[in-house]
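[1] please find the sequence and the predicted model below.
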Amino acid sequence: MAYKDVYEGWKRDPEAFWMEAAQAIDWIEPPSKALFDDKAPIYEWFADAKVNACWNAVDRHVEAGRGSEIAIQHESPITHATKGITYAELQKRVASLAGALRMRGVEKGDRVIIYMPMIPEALEAMLACARLGAVHSVVFGGFAAHELAVRIDDCTPKAIIAASCGLEPNRVVHYKPLLDEAIELAEHKPEFCVIFQREQEVAKLIEGRDFNWHGFQYGVKPAECVPVEGNHPAYILYTSGTTGQPKGVVRHTAGHIVALQWTMKNIYNIEAGDRFWAASDVGWVVGHSYICYGPLLAGAMTIVFEGKPVGTPHPGVFWRVIQNNRVKSFFTAPTALRAIKREDPNGEWIKRYAKHELQAIFLAGERADPDTIQWAQKHFGVPVIDHWWQTETGWAIAANPLGIEELPIKLGSPSVPMPGYDVQVLDDAGHPVPAGELGAIAIKLPLPPGTLPTLWNAEERFRKSYLDTFPGYYETGDAGMIDEDGYLYIMARTDDVINVAGHRLSTGAMEEVLASHPDVAECAVIGASDALKGQTPLGFLILSAGVNRDHAEIVKECVTLVRDQIGPVAAFKLAVVVDRLPKTRSGKILRGTMVSIADSKPYKMPATIDDPAVLDEIKVALQTIGYAKD
């Protein structure tokens with residue numbers, strides 16, 4: 001079947017579509033129907049089923065005789081470790097940890113916070129919780145104590161599972177002191193903590209509260225899989241909120257596993273025995289969906305990578321991992337490719353490694369500028385597929401569904417909506433706009449299985465954040481357009497659409513033009529306040545390695561490019577060269593924070609910022625062009 005047939009089939013009969021998709025799951029009690037809409041606009045999927053996510057991700061593959069196949073491959077260029085764990089070994093390890101947690105009183109419905117680096121034990125902790133029906137909440141390892149404390153108070157965990165440390169290219173990140181401080185700061189106190197001691201740092205344990213990972217499991221009876229209802233929360237994942245208070249995105253178990261199982265074959269073309277790598281972190285939604293659950297549900301091998309795209313030790317490390325593990329589908333963020341492109345613009349490191357079975361590179365997390373995609377296409381000779389989704393949705397809203405049909409790639413577009421998503425572009429009054437016009441991107445309710453049904457203990461905030469702006473729709477917070485072929489274009493966050501003298505302009509479109517300059521490796525455009533025009537665009541340029549030309553000359557050429565390709569209406573006159581951009585640990589550029597600095601307004605240090613020192617560098621750069629005045 002072609003994509004159009006599949007999408008139209010879903011539209012014609014969503015109930016039948018998702019009930020058919022549900023047949024790929026092992027149910028303890030199958031669902032009587034797919035959609036439960038009696039509490040609309042709060043929707044639930046497969047709510048009356050009984051199921052266990054860990055069984056579907058681990059045990060059923062062992063039962064099917066595939067226990068000797070590799071489930072998790074750990075690659076750490078920082079410690080030089082490489083280790084494979086089979087499905088049979090994974091089953092034993094997860095059942096043992098789950099048994100130890102149960103012996104200490106963790107039961108179905110209890111919350112457990114996981115605070116770990118990119119090691120297999122992080123996935124084992126997630127799966128052990130799923131085995132018991134406990135609700136895990138993974139917090140990015142090394143997150144600040146205050147932010148961890150806020151999450152402890154919000155989800156009130158019975159236990160916390162952590163590692164003694166995380167590893168960066170040139171330093172050890174001390175997790176245990178951060179954890180101790182967070183527990184001290186939090187009003188809610190966990191009953192106990194389990195600490196995985198790493199060779200690089202042995203943490204001091206607090207007697208009576210902290211247990212060593214291995215000793216904790218000694219002599220315990222392994223736990224079996226506990227049946228849970230289809231609408232039982234699998235996990236809570238916190239995403240930054242505009243108020244500074246994190247939003248706990250909830251994922252219901254049945255919809256989560258049905259949707260992810262469907263995506264592995266239909267979007268990524270991955271089946272049992274294939275090798276899949278999502279170069280992300282377990283602290284992000286990609287880590288939940290496509291490092292842990294998705295590949296394991298499919299019976300594939302998943303790679304857990306502890307390293308960076310450059311500097312651990314060189315810009316060829318991704319390609320070495322792909323070669324050595326014969327990776328079939330690779331998923332990373334555009335910001336990672338841009339970092340590699342900056343260090344290796346001619347692809348010399350790429351030539352050193354064989355691609356073997358690599359069929360595609362998937363990108364998500366930030367807009368994938370056409371220049372980066374063309375660079376990757378040129379050097380890899382495989383489809384480079386941008387796809388678009390959010391922490392809230394858990395899987396792709398729009399994609400090029402490789403397992404159904406490889407659609408033509410349109411640069412700058414994450415392709416077409418996936419089944420389950422009726423994507424509309426609306427004006428401020430909530431009316432659909434014509435093809436090719438910029439507007440707010442919204443999704444007609446109900447959202448498909450695997451997306452957030454609500455926020456943790458905050459239904460009113462859920463409604464206000466996502467449902468109230470456009471009644472009957474989920475507000476994505478992104479702006480863009482749909483062309484005549486039905487391809488979607490994500491141009492900017494809604495608040496990154498700037499108004500210059502009455503003209504609504506996309507900063508993303510300007511970034512696309514700037515990225516096409518041969519000397520520009522990465523860029524960002526923000527809208528700063530302007531007394532005359534309302535807003536004016538400011539550009540930030542990071543140059544490719546080895547560029548020694550006069551910066552003023554490059555800025556002048558970039559200004560001309562934008563003027564030529566977007567027009568004088570953009571009023572793009574100011575840009576500055578910088579060494580780096582402020583980003584979250586997942587690679588998103590902190591444009592909102594940059595706007596506050598430019599406008600000399602107070603701002604809250606984003607909890608997810610990778611390196612706070614970069615904000616001072618941005619301030620100094622802005623001052624050279626007359627902004628960020630003290």
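    Everything's here; your move. Numbers count the residues shown, from 1 in each chain.
[2] let me see the confidence value for H503.
    H503 carries a pLDDT score of 69 in this model.
[3] repeat for V304
    pLDDT, V304: 98.
[4] hang on, it in a strand?
    Yes. Counting by DSSP: H, G, I helix; E, B strand; the rest coil, V304 falls inside a strand.
[5] give me the helix or strand of the chain that scores worst on average pLDDT.
    Confidence across the helices and strands of the chain bottoms out at strand 503-506, with a mean of 73, counting by mean pLDDT, DSSP states H and E.
[6] now do the following helix or strand past it: which elements does it pack against?
    With elements assigned by DSSP states H and E, the helix or strand that comes after strand 503-506 is helix 507-515. The contact analysis (3 or more C-beta pairs under 8 Å, 6 or more residues apart in numbering; DSSP states H and E) places helix 507-515 against helix 370-380, strand 488-493, strand 520-530, strand 534-543, helix 551-565. Where C-beta positions appear, they are placed from N, C-alpha and C, glycine not excepted.
[7] next, the angle strand 534-543 makes with helix 507-515.
    On the basis of axes from the mean of the first three to the mean of the last three C-alpha atoms, to 10 degrees, helix 507-515 is oriented at 40 degrees to strand 534-543.
[8] quick one: contacts of the longest helix seen in the chain?
    Longest helix of the chain, by residue count under DSSP state H: helix 87-103. Contact with helix 87-103 is made by 54, 58-59, 61-62, 66-72, 85, 112, 124-125, 127-129, 131-132, 134, 159, 194, 216-217, 220-224, 299, as judged by C-beta atoms under 8 Å, 6 or more residues apart in numbering.
[9] measure K533 to L297 for me?
    Distance, K533 to L297, by C-beta to C-beta, to the nearest Å: 51 Å.
[10] pick out whichever of these two has more residues nearby.
    More neighbours surround L297 than the other of K533 and L297, with 26 against 16 (other C-beta atoms under 10 Å).
[11] direction included, what does whichever strand or helix holds A71 pair up with?
    Per DSSP H and E, A71 falls inside strand 70-76. Sheet pairing for strand 70-76, assigned by DSSP bridges, gives strand 81-86 (antiparallel), strand 301-305 (parallel).
[12] just send these back as CSV, with distance to E366 too.
    Shown next, in CSV, are the strands paired with strand 70-76 (distance: least, C-beta to C-beta, whole Å):
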stretch, distance to E366
strand 81-86, 29
strand 301-305, 19
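[13] could you look over those strands and pick the most buried one?
    strand 301-305 (a mean of 25; mean count of other C-beta atoms under 10 Å).
[14] helix or strand right after it?
    Using DSSP H and E, the helix or strand that follows strand 301-305 in sequence is helix 317-324.
[15] which strands and helices sit next to the helix or strand following that next one?
    Per DSSP H and E, the first helix or strand lying C-terminal to helix 317-324 is strand 329-332. Contacts defined by 3+ C-beta pairs under 8 Å, 6+ apart place strand 329-332 against strand 275-278, helix 317-324, strand 360-363.
[16] in a markdown table, list those along with mean pLDDT, mean neighbour count and distance to T372.
    As requested, the helices and strands packed on strand 329-332 are arranged in a markdown table below (pLDDT from 0 to 100; neighbours: other C-beta atoms under 10 Å; distance: least, C-beta to C-beta, whole Å):
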| stretch | mean pLDDT | mean neighbour count | distance to T372 |
| --- | --- | --- | --- |
| strand 275-278 | 98 | 25 | 18 |
| helix 317-324 | 98 | 21 | 14 |
| strand 360-363 | 98 | 22 | 8 |
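[17] so for K11, which of the ones you listed sits nearest?
    Minimum separation from K11 across the helices and strands packed on strand 329-332 (C-beta to C-beta) falls at strand 360-363, 24.6 Å.
[18] so where is the stretch 151-300 of the chain shaky, pLDDT-wise?
    Residue ranges of the stretch 151-300 of the chain with pLDDT under 70: 240-244.
[19] one more pass at 80, please.
    For the stretch 151-300 of the chain, residues meeting the criterion pLDDT under 80 lie at 240-246.
[20] ok, the nearest residue to F362 once chain neighbours are set aside - contacts?
    Counting by C-beta to C-beta, 6 or more residues apart in numbering, F331 is the residue found nearest to F362 once chain neighbours are left out, at 4.3 Å. Shown in contact with F331 (C-beta under 8 Å, 6+ apart): 268, 276-280, 286, 290, 361-364.
[21] which residues does F331 bridge with?
    Legend: beta-bridge partners of F331 under DSSP bridges are A278, F362.
[22] distance check, it against V286.
    Counting by C-beta to C-beta, the gap from F331 to V286 is 7 Å.
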